[in-house]
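Enquirer: predicted model and sequence below, questions to follow.
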Amino acid sequence: MSMKEQREKRDALRVSIFDPTGNITALVESPVAPEEQSAAAARIMERFPQVEQVGFVRLPQEAAAPVELRMAGGEFCGNASMSAAALSLLRRGSAADEGAWETLGLRVRGVSREVEVRLRRETAESFCASVRMPPVLSLNEQVFPFGALRDPITIVRAEGISHAIVTPGSPFFALRDDRDAAEEAARRICAALGAEAFGLMFLEGEAPRLRLTPLVYVPGSGTMFWENSCASGSAAVAAAMAGRSGSPVCLELEEPGGVLAVKSEGLRGETWLSGRTRLVGEAEI
């Protein structure tokens, strides 16, 4: 093996690709310095165009120790959290099968408390999963002038990411059908909020079964995706509805990649998001 080949092998990234309700997520186990992660993520997404986000994981040697996860843009991601927990179980050969649930803790960059994930194996490489989402920090109506639009929109702020929830009664809902305008609005609102990441959540239908079209912008990684599913956006919807009604809610959100279920006790209670994730490929690049 030549020196060049040895260097390329040493620098290769070990990548596992998961499908959590269509929100295709690449997880990197190889050590990558935080300042180099955006470039590494861009390299992975160029190689695998279906990937919507990249996270960097550190798997514990002891089962009781938390998994560590840092997204390339420093944002919080519920789908990546459940996938990182699943990867940990796969690597250590844990049972988590025959209907048994296993609980793991994650230390996620940008979130102050440990993220709890519950998993149950369905097949050799797929899991049912539930994630205790970070608490909502605030829920309010804010005005963000955009073109002729001056109406207030609902903003849900949480650790690691903020969301705007837009329903058909809002003039902003028309942005769902004008993707260039919607993406520019996401950039501007994210900057105005100073958020690590920002989502425009286009919500329609009647509870408990609603339809959600998520657009997510992450300035730290320079990514803008009309995602197949958004865990944090789904949690924001449920927390906002529970907060306004003063009662817990249980929702099923139909998203482009499938259905996510959310139970929320509102702003001062817990919010749990449930879905599925499966390993779909592994590579060294």
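Expert: Yep, it's here.
Enquirer: and stretch 199-214, how far out from the chain's middle?
Expert: Centroid displacement of stretch 199-214 relative to its chain, using C-alpha atoms, centre = their mean, to the nearest Å, is 16 Å.
Enquirer: quick one: contacts for Cys250?
Expert: By C-beta atoms under 8 Å, 6 or more residues apart in numbering, the contact list for Cys250 reads 208, 261-263. To be clear about C-beta, it is placed using only N, CA and C from the backbone, and glycine gets the same treatment.
Enquirer: hang on, I meant Leu210
Expert: Counting by C-beta under 8 Å, 6+ apart, Leu210 touches 203-204, 237, 251-254.
Enquirer: for Val32, grab phi and psi.
Expert: Main-chain torsions, Val32, degrees, to the nearest 10: phi -140, psi 130.
Enquirer: same question but for Asn228, I mixed them up
Expert: phi -70, psi -30.
Enquirer: that one and Thr25 touch, don't they?
Expert: No - look at Asn228 against Thr25 with C-beta atoms under 8 Å: they stay out of range, at 10.6 Å.
Enquirer: between the two, which one's more packed in?
Expert: Set side by side, Asn228 and Thr25 show more neighbours around Thr25, with 25 against 19, by other C-beta atoms under 10 Å.
Enquirer: where does the stretch 101-250 of the chain dip in pLDDT?
Expert: Within the stretch 101-250 of the chain, not a single segment meets pLDDT under 70.
Enquirer: picking that back up, joint contacts of Asn228 and Thr25?
Expert: Contact criterion C-beta under 8 Å, 6+ apart; residues shared by Asn228 and Thr25: Glu52.
Enquirer: those strands in the stretch 151-285 of the chain, which residues are they?
Expert: According to DSSP state E, counting those that start in this stretch, the stretch 151-285 of the chain carries its strands in the segments 152-158, 161-166, 198-206, 209-218, 223-226, 249-255, 258-264, 271-284.
Enquirer: of those strands, which is nearest Gly105?
Expert: Gly105 lies closest to strand 271-284 among these, at 14.9 Å (C-beta to C-beta).
Enquirer: show me what the closest one is packed against.
Expert: Applying 3 or more C-beta pairs under 8 Å, 6 or more residues apart in numbering; DSSP states H and E, one finds that strand 271-284 contacts strand 14-19, helix 78-92, strand 126-132, helix 231-245, strand 258-264.
Enquirer: quick one: the third one to chain centroid distance?
Expert: Counting by C-alpha atoms, centre = their mean, strand 126-132 is centred 13 Å from the centre of its parent chain.
Enquirer: got it, and the shortest one?
Expert: Distance of strand 14-19 from the chain centroid (C-alpha atoms, centre = their mean) equals 15 Å.
Enquirer: so for it, what gets flagged as buried?
Expert: Using 16 or more other C-beta atoms under 10 Å as the test for burial, strand 14-19 gives 15-19.
Enquirer: could you export those as TSV, including distance to Ala158?
Expert: Formatted as TSV, these follow (distance: C-beta to C-beta, whole Å):
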residue	distance to Ala158
Val15	28
Ser16	26
Ile17	26
Phe18	22
Asp19	24
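Enquirer: which two of those residues have the greatest separation?
Expert: Using C-beta to C-beta, the buried residues of strand 14-19 span at most 13.9 Å, a distance reached by Val15 and Asp19.
Enquirer: so what sits against both of the two?
Expert: Overlap of the contact sets of Val15 and Asp19 (by C-beta under 8 Å, 6+ apart) is empty.
Enquirer: wait, is Arg120 part of a strand?
Expert: Yes - counting by DSSP: H, G, I helix; E, B strand; the rest coil, Arg120 is located in a strand.
Enquirer: surely it touches Cys128?
Expert: Yes - assessed by C-beta under 8 Å, Arg120 is found in contact with Cys128 at 4.6 Å.
Enquirer: centre-most residue in this protein?
Expert: What sits nearest the mean C-alpha location of the chain, by C-alpha atoms, centre = their mean, is Cys77, with 2.7 Å.
Enquirer: that one is in contact with Gln53, isn't it?
Expert: Yes - counting by C-beta under 8 Å, Cys77 does reach Gln53; the two are 6.1 Å apart.
Enquirer: what's the overlap in contacts for those two?
Expert: Joint contacts of Cys77 and Gln53 (C-beta under 8 Å, 6+ apart) are 25, 71.
Enquirer: show me which of the contacts of Leu210 are buried.
Expert: Judged by 16+ other C-beta under 10 Å, buried ones among the contacts of Leu210: 203, 237, 251, 253-254.
Enquirer: having no further points to raise, I will conclude here.
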